[in-house]
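>>> Below are the sequence and a predicted model; questions follow.
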Amino acid sequence: MPFLTDRIEENKRKMVEGERLTHEEARHSDSADFLVNPIYQNRYSFTPEEVRGELEKTIFGQKNTINLLVDIMKVTCVGLSDPRKPLASILFTGPTGVGKTEAVRSVARAVHGTSEALCRIDMNTLSQEHYAASFSGSPPGYVGSKEGMTLLDQEKIEGSSSLPGIVLFDELEKASNEVVLALMNVLDNGILTVASGERTISFRNSIIFMTSNIGASTDLSFFSRFSRSFRESFPSMCSDQERRQDSIIISELLKVYPPEFVNRIDHVAQLLPLDASTMRLLVEYQVQLLNQRLSARNIHISIDEEVINFLTIKGFDKRFGARELRRIFRSFFEFPLARFLTVIEPVPEGNRSIIEVVAKMSGGAIKFLPLAIPERI
């Protein structure tokens, strides 16, 4: 029965949390009693390397951020996190379109098998003071206080005994101060008490992600001076500048948030502006995603080097990142492809042959040529 299954899973999760607290509060003299099996055992049903693999397939040009996330997952799996707090809290900063939200979706996909298995709160919906009640619930005496309703999905936040919850507070700087103060308590003790006082939501089995565009203009001005290849070839020459850039980002955060809030964030990660070489990888990734969607119609798209160069140059804009490339890809690739697919003869039902479509440049535009091929085995 679903209800009993949910109760059993909830009891398992609470038992694991209780064991973590017991180990944490044990006296040093009693610590030997707990070392029955000192060999590391992963309490979760995923591995950090699975997270790395998913991130490297979907996030490009952010090597340092990927390494940071994998290290966080290792700490989580080993069980080194403070049991009185969330498993980790990470703030992603950087310009728009560099992969901040997509990185969180990729983590959720690696951990839970789907990118939808996360509690995502768009903080721009909580930009006004009177919307704060939708985050922590209506206070006693107000409409909805007895129900204790909030925007938060408790099941996705609390996870299970074998999987952590994934939480995303997107575009943090757009939330009202009241919401930020409520979030500060979550980062501090991992518990959110609904305003009515009748229900609590535990974040102690959650990895909390936040995204922000704060400091994006300083990121663009800094990284425009040093290309990605130069930074990788001469890391020592750029290390001092990068440390200075980190302090600038913290200074920008302190202009918006109180020090006690910034001090509760475990990690602040800067995602780099995308460069031309990264855009090329994104073009290839967009074609890969398109082929996945077209496979249901037995169609496969191939593109030549000239098309890749055209889309890379056309879609490269540091201000807008991957979103600008996505718009260019739709306008210059998907639109003509859709026009082409509406006029070609469809594959008869039952025929498993695959139509190979080749994209080539012709007269400054992308043209598509069909080539039927035998069934692929």
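Thanks, I have it. Residues are numbered from 1 along each chain as shown.

>>> which residues in the stretch 1-150 of the chain form helices?
For the stretch 1-150 of the chain, the helices defined by DSSP state H, counting those that start in this stretch occupy 2-25, 48-58, 63-78, 100-112, 133-136.

>>> I meant the stretch 151-300 of the chain, not that one.
According to DSSP H, counting those that start in this stretch, the helices that the stretch 151-300 of the chain contains are 154-158, 177-189, 216-223, 228-233, 235-256, 259-262, 276-294.

>>> can I get the ones you listed in CSV with mean neighbour count?
Heads up, the C-betas are built off the backbone N, CA and C, glycines and all. Compiled in CSV, the helices of the stretch 151-300 of the chain are given as follows (neighbours: other C-beta atoms under 10 Å):
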stretch, mean neighbour count
helix 154-158, 18
helix 177-189, 19
helix 216-223, 18
helix 228-233, 13
helix 235-256, 13
helix 259-262, 14
helix 276-294, 16
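
>>> Would you single out the least confident of those?
Mean pLDDT across the helices of the stretch 151-300 of the chain is lowest at helix 228-233; the value there is a mean of 55.

>>> So what's the residue count around residue 320?
Taking other C-beta atoms under 10 Å as the neighbour definition, residue 320 ends up with a count of 17.

>>> who's in contact with it?
Under the criterion of C-beta atoms under 8 Å, 6 or more residues apart in numbering, the contact partners of residue 320 comprise 96, 97.

>>> Could you check the pLDDT of the residue most central in space within the chain?
Nearest to the mean C-alpha position of the chain, by C-alpha atoms, centre = their mean, lies residue 104 at 1.2 Å. In this model, residue 104 is scored at 97, pLDDT.

>>> tell me the contacts of it?
92, 118, 120, 166, 168, 209, 211.

>>> OK, contacts around the closest residue to residue 117 other than its chain neighbours?
Closest residue in space to residue 117, ignoring its immediate chain neighbours: residue 108 at 5.1 Å, by C-beta to C-beta, 6 or more residues apart in numbering. With C-beta under 8 Å, 6+ apart as the criterion, the residues that contact residue 108 are 114, 115, 116, 117, 118, 166.

>>> In strands only, show me the residues you listed.
Among the contacts of residue 108, the residues falling in strands (DSSP state E) are residue 166.

>>> Among the contacts of residue 108, find me the one that's closest to residue 290.
Distance to residue 290, by C-beta to C-beta, is smallest for residue 115 among these, at 17.7 Å.

>>> Near residue 271, how many other residues are there?
Here the number of neighbours of residue 271 (other C-beta under 10 Å) works out to 23.

>>> Quick check: chain neighbours aside, which residue is closest to it?
For residue 271, ignoring the flanking residues on the chain, the nearest one in space by C-beta to C-beta, 6+ apart is residue 94 at 3.6 Å.

>>> follow-up on the earlier one: of the contacts of residue 104, which belong to strands?
Using DSSP E, the subset of these located in strands is 92, 120, 166, 168, 209, 211.

>>> Count the residues that sit near the last one.
For residue 211, the neighbour count with other C-beta under 10 Å is 23.

>>> returning to what we had before: out of the contacts of residue 108, who has the most neighbours?
Per-residue neighbour counts (other C-beta under 10 Å) across the contacts of residue 108 peak at residue 166, which has 25 neighbours.

>>> doesn't residue 153 make contact with that residue?
No: using C-beta atoms under 8 Å as the test, residue 166 is too far from residue 153 to be in contact (10.6 Å).

>>> anything in contact with each of these two?
When C-beta under 8 Å, 6+ apart defines a contact, the residues bordering residue 166 and residue 153 alike are residue 119.

>>> What distance do you get for the nearest residue to residue 50 once chain neighbours are set aside to residue 76?
Leaving aside its sequence neighbours, residue 50 sits nearest to residue 110 (C-beta to C-beta, 6+ apart; 5.1 Å). Remark: distance between residue 110 and residue 76 (C-beta to C-beta, to the nearest Å) = 12 Å.

>>> Next: residue 255.
31 Å.

>>> before we move on, what about residue 336?
Taking C-beta to C-beta as the measure, residue 336 and residue 76 are separated by 46 Å.

>>> Alright, I will stop here.
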